[in-house]
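Visitor: Can you look at this prediction? I've put the sequence above it.
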Amino acid sequence: MKAVIKAIQYHLPETVLSNEKLAVDNPDWPAEKIVKKTGISKRYIASEDECASDLGVKAAQKLFENNSCTPYDVDYLLFCTQSPDYFLPTTACMIQDRLGIPNSAGAMDFNLGCSGYIYGLGLAKGLIETGQASNVLLITAETYSKFIHPMDMSVRSLFSDAAAATFLRGEKNNGDFIPAIGPFVYGTDGQGAENLIVKNSALRFPKGTDHNEVAMGKCDQAGTSDNLYMNGSEIFTFTLLSVPKAVYALLEKAELKLKDIDLFIFHQANKFMLEHLMKKLKIPEEKFYVNCQNIGNTVSSTIPIALKDALDDGLIKKGNKIMLVGFGVGYSWGATLVHWH
Amino acid sequence: MTKKELVQMLEEIVEADPDTLTGEELIEDLEGWDSLAVVNFIALVDENFGITLSPEKIMNSKTVNELVSLLDGYIK
């Protein structure tokens, strides 16, 4: 039995945040400067009463509407988010009910950011190929905008809210033992935790705790410790050090060369970072997919959204080998290959 | 890459006029030196020298000369 990606759908909230609108709020950042620095023209923002679960439900419903699967097919639901509805109960349990997935299905949340889709595929493969589940619905969803201070352009210009739903099915090998997903490489470095964090977000520090980080020179951004903080230069350095290693480790594990890969889909952090990684790794431009211009950085959903757009653009054909690489908050990273069926 | 070329690269990053940086300037006084400029500097150093500078070392550099001296041994 092998786990195969059968369908992907995604949902973006209605509200669009353009560079022109951002420039009105932050006159030091004209629209041309924002697009020049980030490569992002617009992002999508969830409404005040719209949570990650709402976006996730809408993305999954598109799978049902398109007859890719029915709620009754799903016997395990994985929900990846860092912006859950509640500490408890588990958001995946509520999504099971809202989507009409049978009570016999397993459901769980897992908390990862930009590496989340790779870990989700790894979990889904494990569940299917060990016979614990037949069909897994993997939903990634975030509403980072709710953590962001309106004057903090370093993150407001990048992040976007979105959800993606991926349906994975177990299929018989039929003599073809090439895995549809895998191998995998993973990585973790908790020393980077402070560089992308909402410090006052759970039980360690209550909302409103003053860490006096501005005085300590640790935080030069607008906002408080209740908001999302990103040390962009540290994150960039982490990416330069970890992503190429992960790419080479995956190629070695798969016994492939860089030229054997038909398409590279990296986490769509921002255009600047992606272009630098592409040059550093010497990946031909036509094999390196970038679609963050009109969507922004949707955290764990960037890879499935890019995969779906690349499919719709006709860039993926049966038998293609696609490398997926996720990296970010944690620090956490992961990479895998999808052999398109 | 020579020291002069590195300073020219820095001038482009901070959007200063060509040949205006002497090296004595305080980094924090450069108008275009912000968090994105730091990222840009790290990227260009990585691209041209194949080394990844620690952001902490960059932030600890007080003058342009101190910043350039992080690449002693790599520049002519």
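Guide: Arrived safely. Numbering: from 1, shown residues only, chains lettered A, B, ... in the order given.
Visitor: which non-adjacent residue is nearest whatever residue of chain A ends up closest to chain B?
Guide: Nearest residue of chain A to chain B: A:Ser233, at 3.8 Å (Cβ to the nearest Cβ). Placement of C-beta: from N, CA and C, glycine included. Nearest-residue entry for A:Ser233: B:Pro55, 3.8 Å, with adjacent residues in sequence omitted and distances by Cβ to Cβ, 6 or more residues apart in numbering or on different chains.
Visitor: ok, so what distance separates that neighbour from B:Val7?
Guide: Noted for B:Pro55: a distance of 20 Å to B:Val7, by Cβ to Cβ, to the nearest Å.
Visitor: before we move on, back to that, next, the residue of chain A closest to chain B: secondary structure please.
Guide: helix (DSSP: H, G, I helix; E, B strand; the rest coil).
Visitor: Might you report the residue contacts of it?
Guide: The contact partners of A:Ser233, taken as Cβ atoms under 8 Å, 6 or more residues apart in numbering or on different chains, are B:35, B:38-39, B:42, B:55, B:58-59.
Visitor: mind listing what A:Leu132 touches?
Guide: Quick fix: residue A:132 is Gln, not Leu. With Cβ under 8 Å, 6+ apart, A:Gln132 has these contacts: A:76, A:106, A:126.
Visitor: now A:Gln82: how far from A:Gly296?
Guide: Distance from A:Gln82 to A:Gly296, by Cβ to Cβ: 16 Å.
Visitor: and if you look at A:Leu138?
Guide: 21 Å.
Visitor: coming back round to it: which of the contacts of A:Ser233 fall within helices?
Guide: The helices, defined by DSSP state H, take in B:35, B:38-39, B:42, B:55, B:58-59 from the contacts of A:Ser233.
Visitor: buried stuff in stretch A:96-109?
Guide: Neighbour-count burial for stretch A:96-109 flags A:96, A:99, A:101, A:105-107, A:109 (criterion: 16 or more other Cβ atoms under 10 Å in any protein chain shown).
Visitor: out of those residues, which are inside strands?
Guide: When those are checked against strands (DSSP state E), the matches are A:106-107, A:109.
Visitor: give me the element A:Ala269 is part of.
Guide: Using DSSP states H and E, A:Ala269 falls within no helix or strand.
Visitor: residues near it, how many?
Guide: 24 (other Cβ atoms under 10 Å in any protein chain shown).
Visitor: cool, the one 10 residues further on as well?
Guide: Taking other Cβ under 10 Å as the neighbour definition, A:Lys279 ends up with a count of 14.
Visitor: Need the CA coordinates for the helix or strand that contains it. PDB is fine.
Guide: A:Lys279 is part of helix A:271-281, with elements assigned from DSSP H and E. Extracted as PDB, the C-alpha positions of helix A:271-281 are listed here (Å, rounded to 0.1, in the frame of the first residue of the first chain):
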ATOM      1  CA  LYS A 271      10.400  36.300  -3.400                       C
ATOM      2  CA  PHE A 272      13.800  37.700  -2.300                       C
ATOM      3  CA  MET A 273      14.600  34.600  -0.100                       C
ATOM      4  CA  LEU A 274      13.300  32.200  -2.800                       C
ATOM      5  CA  GLU A 275      15.400  33.800  -5.500                       C
ATOM      6  CA  HIS A 276      18.500  33.700  -3.400                       C
ATOM      7  CA  LEU A 277      18.000  30.000  -2.500                       C
ATOM      8  CA  MET A 278      17.400  29.200  -6.200                       C
ATOM      9  CA  LYS A 279      20.700  30.900  -7.200                       C
ATOM     10  CA  LYS A 280      22.600  29.400  -4.300                       C
ATOM     11  CA  LEU A 281      21.400  25.900  -5.200                       C
END
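Visitor: just how off-centre is the helix or strand of chain A with the lowest mean pLDDT within its chain?
Guide: Of all helical and strand segments in chain A, the minimum by mean pLDDT, DSSP states H and E falls on helix A:31-38, at a mean of 87. Distance, stretch centre to chain centre, for helix A:31-38: 23 Å (Cα atoms, centre = their mean, to the nearest Å).
Visitor: near chain B at all, that helix?
Guide: Yes: counting by Cβ under 8 Å from any Cβ of the partner chain, chain B is contacted by helix A:31-38 at A:Lys37.
Visitor: correct me, but A:Lys2 touches A:Arg169?
Guide: No: between A:Lys2 and A:Arg169 there is no contact under Cβ atoms under 8 Å: 9.6 Å.
Visitor: Could you find the closest non-adjacent residue to residue 31?
Guide: This is for chain A. Per Cβ to Cβ, 6+ apart, closest to A:Ala31 is A:Asn19, 3.8 Å.
Visitor: Actually, chain B is the one I wanted.
Guide: Once flanking residues are discounted, B:Glu31 sits nearest to B:Val14: 6.9 Å by Cβ to Cβ, 6+ apart.
Visitor: and what of A:Asn26?
Guide: Distances taken as Cβ to Cβ, 6+ apart place A:Met153 nearest to A:Asn26, at 5.2 Å, with adjacent residues excluded.
Visitor: who are the neighbours in contact with that neighbour?
Guide: Contacts of A:Met153 by Cβ under 8 Å, 6+ apart are A:22, A:26, A:29, A:34, A:222.
Visitor: Please give me every residue in contact with A:Phe110.
Guide: A:78-80, A:116, A:119-120, A:123.
Visitor: distance of the residue nearest the centre of chain A from A:Ser332?
Guide: Compute the mean C-alpha point of chain A, and by Cα atoms, centre = their mean the closest residue is A:Ser300, 1.5 Å away. Distance from A:Ser300 to A:Ser332, counting by Cβ to Cβ: 11 Å.
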